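Participant: Quick check, what structure comes out for this input:
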Amino acid sequence: MSGPKIPIEEVARFPPPGMAAPVSFAFSHDDRLVTYLYGSDQSPVRQLYAMDVATGEQRVVLTSLGGESEELSLEEALRRQRQRQLGQGITRYAWASKSDRILVPGQSAIYVLDGTESPVRKVVDADGPVLDPQLSPDGERVAYVHDAEVYVADVAGGEPRQLTTGARGTGKTHGLAEFIAQEEMGRSSGLWWSHDGSQIAFTEVDETHIPVYRIVHQGSDATGADAQEDHRYPFAGEPNARVRLGVVSADGGEPIWMDLGQDRDIYLARVHWLPDGRLWAQIENRQQTVLDLVSFDLTSGGRSAVLRETSDVWINLHDMFRPLDSGGFIWASERTGFRHLYLYNSDGTLVRQLTEGEWMVDGLAGVDEDAGLVYFTGTPDGPTERHLYVAPLAGGTSRRITREAGMHAVTLDHKYRHFVDVYSSIDTPPTATVRLLADHSAVGSIHEPTDPRIADLGLEPPELVTLRTRDGTTLHGAIYRPPTEFGPGPHPTVVSVYGGPHAQTVDNHWSMTCAMRAQYLRSRGFLVFALDNRGSARRGLAFEGVIKNQLGSIEISDQVEGVRWLVEQGLADPKRVGLYGWSYGGYMTLMGLARAPDVFKVGVVGAPTTSWDGYDTHYTERYMGTPQSNPDGYADSSVGAHVKGIKGKLLVLHGLIDENVHFRHTARLINALIVHRVRYELMLFPDERHMPRKMEDRVYMEERIAEFFEANL
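Facilitator: Numbering: from 1, shown residues only. The predicted structure is shown next:
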């Protein structure tokens, strides 16, 4: 049936309908409380809440940090870009692991709550950004980075103490994660408290040998230094940051530097303090085919091997290392082609494999040693689902805990009695419930969606489908059908594409239904289609690894198969098919237009990666090697090599201060388009980075995208 028209402002609005749900769940150390961040009345401005597990009572703990400026520092703006964070207000908090104290970071100050009943108080006030603050386990001290050095302050008061020296003014930093670690490795921190609070491990990052890449704020009223920012960006095949790992007493003194190996061209992937005081780390080679788990001697800095993972495809980093109080540890590996959990002795000898099958473990949710159980999330029930499971540490069959079909994100308490279940499906906006682990029964409701926009806008869930390619590969897709007033089809069709590795776009989650650009285009008579091609995540290494050393080929073939399948179903008009995508999706849109011009007639391209020698090391080299080791692959995977094949209508969008996918990518694309006399339209956002954030920019962008498809399809 015909639904209401969707205002273009709703396409740009954040959060989308139904997605104003709590985030950042955590249990207090005694498990009496669940805390979370939430913006009431569909607001993006978040506050800190607490729920009493026993009574179900919910209350606001902290509404705001009153003295904080709404103008973000460059450091904070870049941090939020790294984490793809659009929320406002209180965006972070953390409990001390062994006390009732809560840390709430500001931009140039650090605040604490001495329990959820206490007023907020400022414990550090600095002249300039305060980065990555972390409470000691007992909550008595806070470590942080200021002006490139590590400091510690007593929460009770007093002058902060500077623990590290030698970085300030040299271009080095102490205690911070480098760009690559934050953007591509999933490591956002560069300092770590020991469990007893006596020592701090920290990184030293030296990027002085990496040439400066300057970004000019062309839309700014300012000039000179106030209108530019310099980044040490490691391009594929070029030098990376040099990283050292040190340990310093929390009371001060000279650091001990750990031995990261003779090969200095490595990635410090993860750092772990064990409960017994040992320090371990994960070290990955530049080629990302070897990952070493090593142990350090804290007196000498010497290292010893614990275990080594190798791969003929590549190593996907994870956060599924868990030391056990009884000795030994849990570890995840893709050595069988699918990520599974393994139990090891403390010396690195394998005890047993804990999970197995042609499916993926997504996350390690908890280990109850007393009961001999390991909790994990994964895909045993299919790659478009995520559920919580439990398996015995002694070996045996796993059991599913969550019941509703869809996607579940979980947070377990410390005593393994309760868990927070954030559940969603294409039919159900995110709900948050406290449940018993033993029988899944609900203890209390944290959040039920009440967004009136869902009904007002007439949002209908997409149809989740599977199809088989001509070579027998099963792919998962989603169809957004236009209202019945537009007839049964075939329809003008727009393919929404990302297509890159390490990501999945089609699953049984509400984010599919509240994909507002797709819903808007659907309401205007377009059929919108999304498909996870080979190379995407959560299907195993064989499915993901087919793109190794050659991007933009098999992915496009699969997208073409998807369109042909739609045509066979009588849904898509083969003469009116377009594409849109952002980042890797922008790259895919260009390659679709260039390599399959008979299929794709129109493309809207956002912030595209057009030449892989212009993107960063860790991401690009994982899939492509280096330009030096794989010159033919880089050449053929570049949009420039195929741009002359573009026959359709093309609209390119890019933010001029994008520090991730630089505007240089689009500039190089334009040069190639000019050489081959390919017509294009260009829309620039002078004050936007990789993700457009300003409401006026987002509204304008969505208007132009819709108009472009309506005019050309």
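Participant: From now on I want contacts and neighbour counts done on CA atoms only, so please keep to that.
Facilitator: Noted.
Participant: now the helices for this protein?
Facilitator: For the chain, helices defined by DSSP state H occupy the ranges 8-12, 74-82, 179-183, 453-456, 510-513, 516-523, 541-544, 554-568, 584-595, 617-624, 631-637, 664-675, 695-712.
Participant: Low-confidence bits of the stretch 51-200 of the chain, can you list those?
Facilitator: Low-confidence segments of the stretch 51-200 of the chain (pLDDT under 70): 67-72, 82-87.
Participant: By mean pLDDT, show me the worst of the helices of the chain.
Facilitator: Within those, confidence is poorest for helix 74-82, with a mean of 72 (mean pLDDT).
Participant: from the helices of the chain, which stretch is densest packed?
Facilitator: Highest mean neighbour count among these (mean count of other CA atoms under 10 Å): helix 584-595, with a mean of 27.
Participant: Go through stretch 299-316 and flag the buried ones.
Facilitator: For stretch 299-316, the neighbour count (16 or more other CA atoms under 10 Å) marks Gly301, Arg303, Val306, Leu307, Thr310, Val313, Trp314, Ile315, Asn316 as buried.
Participant: about what we covered before: for the helices of the chain, which one sits closest to Gly395?
Facilitator: Gly395 lies closest, by CA to CA, to one member of the helices of the chain: helix 541-544, at 24.4 Å.
Participant: between the buried residues of stretch 299-316, which is nearest Val422?
Facilitator: For the buried residues of stretch 299-316, the nearest to Val422 is Asn316 (25.5 Å; CA to CA).
Participant: Distance of the closest one relative to Phe179?
Facilitator: Between Asn316 and Phe179 the computed distance is 18 Å (CA to CA, to the nearest Å).
Participant: tell me, how many neighbours does the residue nearest to Ala305 when sequence neighbours are not counted end up with?
Facilitator: Once flanking residues are discounted, Ala305 sits nearest to Val294: 4.6 Å by CA to CA, 6 or more residues apart in numbering. Val294 is flanked by 21 other residues according to other CA atoms under 10 Å.
Participant: and if you look at the one 4 residues further on?
Facilitator: Residues lying near Leu298 (other CA under 10 Å) number 17.
Participant: what sits against it?
Facilitator: By CA atoms under 8 Å, 6 or more residues apart in numbering, the contact list for Leu298 reads Val247, Ile256, Met258, Arg278, Leu279.
Participant: State the pair within those residues that is farthest apart.
Facilitator: Ile256 and Arg278 (13.9 Å).
Participant: For Pro255, see how far away the closest residue to Phe338 other than its chain neighbours is.
Facilitator: Once flanking residues are discounted, Phe338 sits nearest to Gly540: 4.8 Å by CA to CA, 6+ apart. Here Gly540 is placed at a distance of 42 Å from Pro255 (CA to CA).
Participant: and if you look at Glu568?
Facilitator: Distance, Glu568 to Pro255, by CA to CA: 67 Å.
Participant: circling back to that earlier point, which residues are in contact with the residue nearest to Phe338?
Facilitator: Remark: with contacts taken as CA under 8 Å, 6+ apart, Gly540 is in contact with Gly337, Phe338, Arg339, Glu358, Trp359, Met360.
Participant: which residues in the stretch 251-400 of the chain form strands?
Facilitator: Per DSSP state E, counting those that start in this stretch, the stretch 251-400 of the chain carries strands over the ranges 256-257, 266-273, 279-285, 290-296, 303-310, 322-323, 329-333, 340-344, 350-353, 361-368, 373-378, 387-392, 399-400.
Participant: now for those, which one comes closest to Asp616?
Facilitator: Nearest to Asp616 among those is strand 266-273 (13.4 Å), distances taken as CA to CA.
Participant: Show the secondary-structure elements that that closest one is packed against.
Facilitator: Contact here means 3 or more CA pairs under 8 Å, 6 or more residues apart in numbering; DSSP states H and E; on that basis strand 266-273 packs against strand 191-193, strand 279-285.
Participant: Which residues outside that strand are in contact with it?
Facilitator: Contact with strand 266-273 is made by 181, 185, 187, 192-195, 243, 279-286, 317, as judged by CA under 8 Å, 6+ apart.
Participant: ok, now stretch 473-484?
Facilitator: Counting by CA under 8 Å, 6+ apart, residues outside stretch 473-484 touching it are 1-3, 461-469, 506, 518-519, 522-534.
Participant: Try it again at 6 Å.
Facilitator: 1-2, 462-468, 522-523, 525-532 (CA atoms under 6 Å, 6 or more residues apart in numbering).
Participant: Check stretch 520-528 too.
Facilitator: For stretch 520-528, contacts defined as CA under 6 Å, 6+ apart pick out Ile6, Tyr480, Arg481, Pro482, Phe486, His491, Pro492, Thr493, Val494, Val495.
Participant: Tell me how far the third one lies from Leu464.
Facilitator: In this structure, Arg481 and Leu464 are 11 Å apart, going by CA to CA.
Participant: Comparing these two, which residue is more hemmed in?
Facilitator: Arg481 (26 against 19).
Participant: one step back: in TSV: the buried residues of stretch 299-316, plus pLDDT and distance to Val639.
Facilitator: Listed next are these as TSV, based on pLDDT from 0 to 100; distance: CA to CA, whole Å:
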residue	pLDDT	distance to Val639
Gly301	98	47
Arg303	97	44
Val306	98	43
Leu307	98	40
Thr310	98	32
Val313	98	24
Trp314	98	24
Ile315	98	27
Asn316	98	26
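Participant: okay if I get these as a markdown table plus distance to Arg622?
Facilitator: Below are the buried residues of stretch 299-316 laid out as a markdown table (distance: CA to CA, whole Å):
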| residue | distance to Arg622 |
| --- | --- |
| Gly301 | 29 |
| Arg303 | 26 |
| Val306 | 24 |
| Leu307 | 21 |
| Thr310 | 13 |
| Val313 | 9 |
| Trp314 | 6 |
| Ile315 | 8 |
| Asn316 | 9 |
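Participant: now, the most widely separated pair of those?
Facilitator: Gly301 and Val313 (31.9 Å).
Participant: Would you enumerate the residues in contact with Gly190?
Facilitator: By CA under 6 Å, 6+ apart, the neighbours of Gly190 are Gly175, Leu176, Ala177, Phe202, Thr203.
Participant: Relative to Asp230, which of the contacts of stretch 520-528 is nearest.
Facilitator: Comparing the contacts of stretch 520-528 against Asp230 with CA to CA picks out Val495 as the nearest, at 36.5 Å.
Participant: and that closest one, how many neighbours?
Facilitator: Using other CA under 10 Å, Val495 has 23 neighbouring residues.
Participant: so it sits right up against Asp532, yeah?
Facilitator: No: applying CA atoms under 6 Å as the test, Val495 and Asp532 come out as separate, 11.2 Å apart.
Participant: rewinding a little: so which of the contacts of Gly190 would you say is closest to Pro211?
Facilitator: Pro211 lies nearest to Ala177 out of these, by CA to CA, at 18.5 Å.
Participant: Neighbours of that closest one, how many?
Facilitator: Neighbour number of Ala177 under other CA under 10 Å is 24.
Participant: which residues touch it?
Facilitator: Contacts for Ala177 (CA under 6 Å, 6+ apart) come out as Ser188, Ser189, Gly190.
Participant: give me that answer again for 7 Å
Facilitator: Arg187, Ser188, Ser189, Gly190 (CA atoms under 7 Å, 6 or more residues apart in numbering).
Participant: what's the closest non-adjacent residue to it?
Facilitator: Leaving aside its chain neighbours, Ala177 sits nearest to Gly190 (4.5 Å; criterion: CA to CA, 6+ apart).
Participant: Same check on Phe329?
Facilitator: Nearest residue to Phe329, sequence neighbours excluded (CA to CA, 6+ apart): Pro323, at 4.2 Å.
Participant: Check Thr170 too.
Facilitator: Closest to Thr170 by CA to CA, 6+ apart is Thr208, at 8.0 Å.
Participant: What count of nearby residues applies to the one you found?
Facilitator: 13.
Participant: next one: Gly372
Facilitator: Neighbour number of Gly372 under other CA under 10 Å is 12.
Participant: Glu448 and Val45, how far apart?
Facilitator: Using CA to CA, Glu448 is found at 18 Å from Val45.
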